[in-house]
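Enquirer: test case, fold it:
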Amino acid sequence: MDFTAYSEVRNLFNFKNINTVFSQTNDIVNTAERDKRLSGNLSEFKNEGTTNGVFGADQSIDLRFGGAGASGCGNWTNASGNANASPNCVYMIRAEQRYGNGDGVFSLAEQTRASDAFYYFNRGIASFTNAPRSVRLGLEVNF
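Expert: I've put the predicted structure just below:
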């Protein structure tokens, strides 16, 4: 019988291992791209809210439908005028619940948080760096 103990440590000092950057900024941050995506998302929210008559003067989208919630999405139309776009409505309700206070009014701040969350999920620091520090310990038994 043979016992072998081992350890493996990678990135012991937990350095940020940048493996790619934005070509426009030569950095892992590109504020102009983020702002452009945010502007596009806010415009899409506004267009759909306006098309369905739920966009407010304060740029919020009222998704309460008189207390019906997602059941009120049955007649939702997308910004292009296509009916049967109720999944878009349900998406906005769920986004308001996740990134807002759950009151059914998708405020501008909540819209911004939802847009930023999607952007940083795809373009956040994890997309530009290698793995952080990791340590493995083990014991091998041969018989």
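
Enquirer: okay, CA-based contacts and neighbour counts for the rest of this
Expert: Will do.

Enquirer: and the residue minimising distance to the centre of the chain, which of the three is it?
Expert: Computing the C-alpha centroid of the chain and ranking residues by C-alpha atoms, centre = their mean puts residue 118 first, at 2.1 Å. Under DSSP: H, G, I helix; E, B strand; the rest coil, residue 118 falls in the helix class.

Enquirer: quick one: the strands in the chain?
Expert: Listed in chain order, the strands of the chain (DSSP state E) span residues 2-10, 61-62, 105-106, 134-142.

Enquirer: burial measure for residue 111, as a count.
Expert: Residue crowding around residue 111 was assessed by other C-alpha atoms under 10 Å; the count is 23.

Enquirer: chain neighbours aside, what residue packs nearest to it?
Expert: For residue 111, ignoring the flanking residues on the chain, the nearest one in space by C-alpha to C-alpha, 6 or more residues apart in numbering is residue 42 at 6.9 Å.

Enquirer: and the one you found, how many neighbours?
Expert: The number of residues near residue 42, taken as other C-alpha under 10 Å, comes to 16.

Enquirer: which pLDDT does the model give it?
Expert: Reported pLDDT at residue 42 in the predicted model: 97.

Enquirer: dump the strands of the chain to JSON lines, plus mean pLDDT.
Expert: Supplementary listing: the strands of the chain in JSON lines, determined by pLDDT from 0 to 100:
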{"stretch": "strand 2-10", "mean pLDDT": "94"}
{"stretch": "strand 61-62", "mean pLDDT": "96"}
{"stretch": "strand 105-106", "mean pLDDT": "96"}
{"stretch": "strand 134-142", "mean pLDDT": "94"}
